[in-house]
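Enquirer: Got a sequence here, can you model it:
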Amino acid sequence: MAAGQDDHKFWIIGVDDEPQNLEILEEILGDQFELTLVSSGRACLDEANVAPPDLILLDVNIQGMDGLEVCRRLKAEPDTSDIPVIFVSAYSKLEERLAGYRAGGDDYVTKPFDDEELLIKVKLALATKRQLDSLQRKRQRIRTLAAIVTLCLLHVPWQQSFNLFQRIGRRDVLQYMM
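Expert: Next comes the predicted model:
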């Protein structure tokens, strides 16, 4: 369940084929976030396609489909392309980190990582996602309002449109803009 409000926990998928690493993620994040921990790229894609999480923490070196390919596939699909992905990997060379960004990753944390650094990066990614989601909702409201205005102008006599806009326009316009 994706969370858009402060009274709900954000949902994070953690992907690593090492059970010990998944336990570490559980220790660091389990109290603050709803976690789904999986051990393969395929399982991550399956989970994300059922209901997009708020964030994915993704190891690069996992069995089967590697994390870079998982990220590319997530970013290629409209329903999952906006999910932030933070790579959490032992690959620490510059070229390896750049490969993560090129695959569509939003951030990169190298193992072993500092618990506080990971937590801060997760919170920043989720705050950014919350802002983007809010902007998308506002944009959709504006489009809806524009469609209503267009329909009224095209199909409703001018005086009736004017009365309608006076009655509901200011409140709704302000609501849609906030």
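
Enquirer: what about the chain, any weak spots by pLDDT?
Expert: For the chain, applying pLDDT under 70 flags the ranges 1-7, 152-153, 156, 158-159, 161-178.

Enquirer: OK, contacts around the most centrally placed residue in the chain?
Expert: Nearest to the mean C-alpha position of the chain, counting by Cα atoms, centre = their mean, stands Ile83 at 3.1 Å. Each residue near Ile83 by Cβ atoms under 8 Å, 6 or more residues apart in numbering is listed here: Ala48, Pro52, Pro53, Asp54, Leu55, Ile56, Leu74. Glycine gets a C-beta too; all of them are placed from N, C-alpha and C.

Enquirer: Most neighbours among those, which one?
Expert: Ile56 (31 neighbours; other Cβ atoms under 10 Å).

Enquirer: that's a strand at that one, yeah?
Expert: Yes - under DSSP: H, G, I helix; E, B strand; the rest coil, Ile56 sits within a strand.

Enquirer: Pretty sure Ile12 is one of the things it touches, is it not?
Expert: Yes - between Ile56 and Ile12 there is a contact under Cβ atoms under 8 Å: 7.1 Å.

Enquirer: Okay, and the beta partners of Trp11?
Expert: Beta-bridge partners of Trp11, counted by DSSP bridges, are Glu34.

Enquirer: Please report how far it lies from Val38.
Expert: Trp11 sits 13 Å away from Val38, going by Cβ to Cβ, to the nearest Å.

Enquirer: Who are the packing partners of the helix or strand where Ala147 lies?
Expert: Following DSSP states H and E, one finds Ala147 within helix 115-155. Applying 3 or more Cβ pairs under 8 Å, 6 or more residues apart in numbering; DSSP states H and E, one finds that helix 115-155 contacts helix 19-29, strand 55-58, strand 85-89, strand 107-110, helix 158-164, helix 170-177.
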